[in-house]
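K.L.:
Next comes the sequence, and after it the predicted model I'd like to discuss.
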Amino acid sequence: MIPHTQQSAAYSQSRSDENRAQSVEEAWSRACRRLRAELGEAVYGSWLAGLELVRIENGVAHVSVPTKFLKSWIQSHYTDRVRAALSSEFGGIEKLNVEVRSSTKMRMPLRDPNLERKPVTGAGVAQTAPSSSPSTVQENGDTRREQAPANIDANGLSGSPLDKRFTFSSFLVGSSNQLAHAAAMRTARTKPGDPILFNPLYIHASVGLGKTHLLQAIAHEAGVNARRVIYLTAEKFMYGFVAALKAQTAIAFKEKLRGIDVLVIDDVQFLQGKSIQQEFCHTLNALIDAGRQIVIAADRPPGDLESLEERVRSRLAGGLCVDMGSLDETLRVQIIEARIAAARDMQPQFSVPQAVVSYVASAIQTNGRDLEGAVNRLLAHSTLTGTPLTVETAEAAIRDLIRTREPKRVKIEDIQKLVASHYNVSRADILSSRRTANVVRPRQIAMYLSKLLTLRSLPEIGRRFGGRDHTTVLHAVRKIEELAGRDGMLLDEIDLLKRMLLE
């Protein structure tokens, strides 16, 4: 039987150890709050929320994170900040050692510089034993990647479905998309270890001009070249991130996404939500810094994506931006003939005279989807009525496609370039604060045309003209309206510029 005095001493020692452990845990929580306040909620949540304090001994603070990527990122960007926060609470911290929990067999007891402590964790972080990252498995003590099934990248992240028809061999090249096609081919055929020339590669075009075809062709080709690649629509990216937040697996989601070689994201103009955009920007930065390839597509240039934050637009504009323009008539004829050939595989008797092909190519100038719709209508007319196709019957068959053709969408950037060229000044002059007469008048005309030919609001137009106030734009519009009302030559110049922009 243990004497009462020994029991009391043991109880006191136990209470003392418990109090010390609680004190250390509170100090660690204060350090976490300090980091959150210094760096902001977004940065802390993305990079430091997974930190756990393991022990402190001999002036070295040992912390752990769930993945190798987080370890590398924290060592490169936040070592001094974390060490300073710990020093403010524990004192005498000379060095920070970052460990990976998935490679630690067992948590070591926490020690401060003088006393042995119990393990403590940061506020809001799961206090559990180390576990493997969802993207890895343990085999004979080694961490290895799981073998992923088809349509899932090597990290186990499911992407959007790929259309097997959208390959480089089926993509028709013309003058309007030649540069985009060449850049996409170069990007897709880069081998692992080769230098990356264009990062990010940003392709923008209106609907139906082949953006998605090119992006999926890159995904197909990059996979053939032994590169880990994933293709995501903006909607799929948002869904995956929100689902990971709800399931409290956001760190694993980020690690999977950043462990690939080529990230392809389509329709980035639909990316919504502040936290999602912040995570998207962090992902871009992490992959580019790690030498991984980014390919993005949207329906407008980065500067026109008003729904995205400025830093996201700036990052997207920092690579190669390629515009896929409208289809020229030669390319439209090629697309029509290719669709006819595909239809003939199902209906061998389907025949379209060259005169009809030429008529359709000249009548429908919008996009490839409308051209495909036109061929489907011709096919239906030919097979259901049994009468030969003529220009007259073709005109009746595709009348709805011609009637609903959308007018050309004019961009403020195009207006600025055309006006600058017409008046022999630079676009930089128009965007500058210069007040000389040879710059002020073209600037006002460009603002007037932007209000007349686009759907942008006055504040948006002002922002696109060097960050000017909306009242400046309103003054310019009224000024040009007044001058054009009494100056026939100015009115003719403005009409000419309008025709050139709308052609």
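P.N.:
Yep, it's here. What you see is a predicted model; the values in this text were computed from it and never measured.
K.L.:
Skipping adjacent residues, who's closest to residue 260 in space?
P.N.:
Among residues not flanking residue 260 along the chain, residue 228 sits closest, at 4.4 Å (CB to CB, 6 or more residues apart in numbering). C-beta: built from backbone N, CA, C; applies to glycine.
K.L.:
what ranges do the strands span in the stretch 151-300 of the chain?
P.N.:
201-204, 229-233, 262-266, 293-298 (DSSP state E, counting those that start in this stretch).
K.L.:
mind checking how far the residue nearest to residue 260 is from residue 292?
P.N.:
Using CB to CB, to the nearest Å, residue 228 is found at 9 Å from residue 292.
K.L.:
Look up how far residue 175 lies from residue 212.
P.N.:
For residue 212 relative to residue 175 (CB to CB), the value is 20 Å.
K.L.:
out of these two, which sits in the busier spot?
P.N.:
Using other CB atoms under 10 Å as the criterion, residue 212 and residue 175 rank with residue 212 on top: 19 against 11.
K.L.:
what's around the residue nearest to the more buried one when sequence neighbours are not counted, how many residues?
P.N.:
Sequence neighbours aside, residue 266 is the residue nearest to residue 212 in space, at 5.7 Å (criterion: CB to CB, 6+ apart). Per other CB under 10 Å, the neighbour tally for residue 266 reads 25.
K.L.:
show me the contacts for residue 266.
P.N.:
160, 211, 212, 215, 231, 232, 233, 234, 297 (CB atoms under 8 Å, 6 or more residues apart in numbering).
K.L.:
low-scoring stretches of the stretch 251-400 of the chain, by residue?
P.N.:
By pLDDT under 70, the stretch 251-400 of the chain has no low-scoring segment.
K.L.:
Equivalent analysis for the chain, please.
P.N.:
1-21, 42, 46, 69, 102-159, 226, 250, 403-408, 503.
K.L.:
what does the domain assignment say about it?
P.N.:
Using automatic domain parsing, the domain parsing of the chain gives 4-103, 168-323, 329-403, 412-502.
K.L.:
Out of these, indicate the one that is most buried.
P.N.:
domain 168-323 (a mean of 19; mean count of other CB atoms under 10 Å).
K.L.:
hang on, residue 59 packs against residue 92?
P.N.:
Yes: at 5.5 Å, residue 59 counts as touching residue 92 under the criterion of CB atoms under 8 Å.
K.L.:
got a list of what residue 85 touches?
P.N.:
If a contact means CB under 8 Å, 6+ apart, then residue 85 has 31, 32, 34, 35, 38 as its contacts.
K.L.:
Out of the residues you listed, the closest to residue 276 would be?
P.N.:
Distance to residue 276 across the contacts of residue 85 (CB to CB) is lowest for residue 35, with 22.9 Å.
K.L.:
and the closest one, what helix or strand is that in?
P.N.:
helix 4-39 (DSSP states H and E).
K.L.:
which stretches of the stretch 1-150 of the chain form helices?
P.N.:
Counting by DSSP state H, counting those that start in this stretch, the stretch 1-150 of the chain has helices at residues 4-39, 41-43, 68-77, 79-90.
K.L.:
Tell me the secondary structure at the nearest residue to residue 176 once chain neighbours are set aside.
P.N.:
The shortest distance from residue 176 to any non-neighbouring residue, by CB to CB, 6+ apart, is to residue 325 (3.9 Å). Secondary structure for residue 325, judged by DSSP: H, G, I helix; E, B strand; the rest coil, is coil.
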